[in-house]
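Chemist: build me a structure from this.
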Amino acid sequence: MRNKIFSGLLFLSTAAVIIASVLIAVIMYQGSMTTMQRDLRQEATFIKMGLEQSGKSYLQALTMESGKLTRVTLIAPDGRVIYDNHVAAEKMLNHKDREEVQEALASGIGLAERMSDTLSEKTFYFALRLDNGDILRVARTTDSVFATVAGSIPYMIAVVLVVALVAMLLARRITDKMVLPLDHVDLENPLENDTYDELAPFLTRIAQQQRQVSEGLKQLRQKQNELAAITQSMNEGLILLNDRQNILSINDSAAKLFGLQDHEVVGKNILTLERGQEVQELLQKVAVGGSGESLYQKDGRFYQLCGSSVGGKGSVLLIFDVTEKRAAETLRREFSANVSHELKTPLQSILGYAEIMKNGLVQEGDKQRFLEKIYSEAGHLIVLIDNIMKLSRLDESANNMNNLEIIELKKLAEGTVQRLQEQAAGKNVAISVSGCEAEVEGVPAVLSEVIYNLIDNGIKYNRENGSVEITVAVIPGEAVLTFKDTGCGIGSADKERVFERFYRVDKSHFKETGGTGLGLSIVKHGVMFHKGRIELESELDKGTTIKIFLPRK
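Modeler: I've put the predicted structure just below:
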């Protein structure tokens, strides 16, 4: 801008001086022409007066005095040249057809300007009719005018150069002065500037644009913060990649999975950070097909990788932890296999005894024993099916906490003990309930089943003349049910698995007690249903202590 203003001012001033000089030269030329015409008129008048007084001899004297600057010609009325001070009269053509001669014959005065055939120069003619009818013509070429103007041209050029130099200095100073307010414009606060009034609309527009940009940036930051809050709170991993597979964004879950710091990896290629075969295969699927999935294993956990292309300008990777899902699927398969096996065993026993009796291979005295076996196996089968159904109901109700009631645990435990007194007496096992009253919110049938299974296990796996002690206690925020027996105990290798479905510590002892391997699994699911937890302490041949912690109302 500064250079444009300077160039414009310099050009304008220089052009003005040049144009002024040209106009002055034109004016000088026109003035010289006018002066020359006036001089010719006066000179013609003086010559006319001399001719009238002295005759033609005056022309010879005039020529000797004034030289040949002015051409003087005397022409007869018929156009014949009588006298000329530049060319011999007899050599000149008839001048009757000359414009100035014709005008002078007609009106007494004639003017003309043309190229002279005799002098071969542009010439101005003035003709004056004498009293005797002759035409006195004086002429002067324009060379003298041009010479006058040409003589002033060097001075004009010098003036133009001097004025151009001064104009350049002034233009530079004026430019600096004009641009100075613009250099100090505060664009951060455009409406607070003290500058040219012509800039007010421009500065006002800048202020409006700043407000719009500020509001837009504020909204963008808000949306960015909202997106960051959402992505950072996700349990799933989220990675955004550009078209060159460089990381644009990564949330905490994904960074934690790969053992990275999210602020250190942005802008880096994902393959420089994680070169696992699963990741490479997923990126290849996304690049070719637009989407893909892959299973990724790290530190003993399984992750589902899902990728999708975003219009060919990048891709999104989602990472789901499917360890529990795979474990649940494995447990479901194992449970199905165990159910099939557990159901098959008593059914085969029933089928075998029934087939022997059907074929008449049983003596009359053994029939009663065979029927008792069939009855026992059928009863075990019913208990097994009933326990399986209980587990199924607990699984289905895991997320349904409706229809809860206030339960007094000590009273519930005492009622459950009454149901098992006969079984305990059969093994000479003493059962006692002590402690304080404690209320929890839950489903009475489920908690009763939990207590029943724990007491039942305490009786089945106890020694003769043993005991089962149930204690109810209250701690801040929780109620504690403690079951302590004097049974055979559980080895350290089995403690982590006793709550699994169909898991049995001693299968030979199971045959004697008739257990299904689902009792403690029902206990675990029942406690989890009530948002509680279980602790187990046990040593072989020293008994077992199980504590159940339930949240209080």
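Chemist: so which residues of the stretch 401-550 of the chain form helices?
Modeler: Using DSSP state H, counting those that start in this stretch, the helices of the stretch 401-550 of the chain run over 409-426, 444-460, 507-513, 519-529.
Chemist: equivalent analysis for the stretch 1-150 of the chain, please.
Modeler: Here the stretch 1-150 of the chain has its helices, by DSSP H, counting those that start in this stretch, at 2-54, 57-66, 99-107, 143-183.
Chemist: mean pLDDT, distance to residue 413 and mean neighbour count for these - can I get that in a markdown table?
Modeler: C-beta: built from backbone N, CA, C; applies to glycine. As requested, the helices of the stretch 1-150 of the chain are exported to a markdown table (pLDDT from 0 to 100; distance: least, Cβ to Cβ, whole Å; neighbours: other Cβ atoms under 10 Å):
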| stretch | mean pLDDT | distance to residue 413 | mean neighbour count |
| --- | --- | --- | --- |
| helix 2-54 | 77 | 96 | 14 |
| helix 57-66 | 63 | 158 | 14 |
| helix 99-107 | 88 | 150 | 17 |
| helix 143-183 | 73 | 91 | 14 |
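Chemist: in TSV: these, plus distance to residue 85.
Modeler: Converted to TSV, the helices of the stretch 1-150 of the chain look like this (distance: least, Cβ to Cβ, whole Å):
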stretch	distance to residue 85
helix 2-54	11
helix 57-66	5
helix 99-107	17
helix 143-183	16
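Chemist: out of these, nearest to residue 359?
Modeler: Smallest distance to residue 359 across the helices of the stretch 1-150 of the chain (Cβ to Cβ): 117.2 Å, for helix 143-183.
Chemist: helix or strand next in line after that closest one, which one?
Modeler: helix 200-233 (DSSP states H and E).
Chemist: what is the mean pLDDT for the next helix or strand after that next one?
Modeler: Following helix 200-233 in sequence order, the next helix or strand is strand 237-242 (DSSP H and E). For strand 237-242, mean pLDDT rounds to 83.
Chemist: mind giving me the packing neighbours of strand 237-242?
Modeler: strand 247-250, helix 252-257, strand 314-321 (3 or more Cβ pairs under 8 Å, 6 or more residues apart in numbering; DSSP states H and E).
Chemist: circling back to that earlier point, just put the helices of the stretch 401-550 of the chain in JSON lines and tack on mean neighbour count, distance to residue 47 and mean pLDDT.
Modeler: Putting the helices of the stretch 401-550 of the chain into JSON lines (neighbours: other Cβ atoms under 10 Å; distance: least, Cβ to Cβ, whole Å; pLDDT from 0 to 100) gives the following:
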{"stretch": "helix 409-426", "mean neighbour count": "16", "distance to residue 47": "155", "mean pLDDT": "89"}
{"stretch": "helix 444-460", "mean neighbour count": "21", "distance to residue 47": "151", "mean pLDDT": "86"}
{"stretch": "helix 507-513", "mean neighbour count": "11", "distance to residue 47": "162", "mean pLDDT": "46"}
{"stretch": "helix 519-529", "mean neighbour count": "22", "distance to residue 47": "144", "mean pLDDT": "79"}
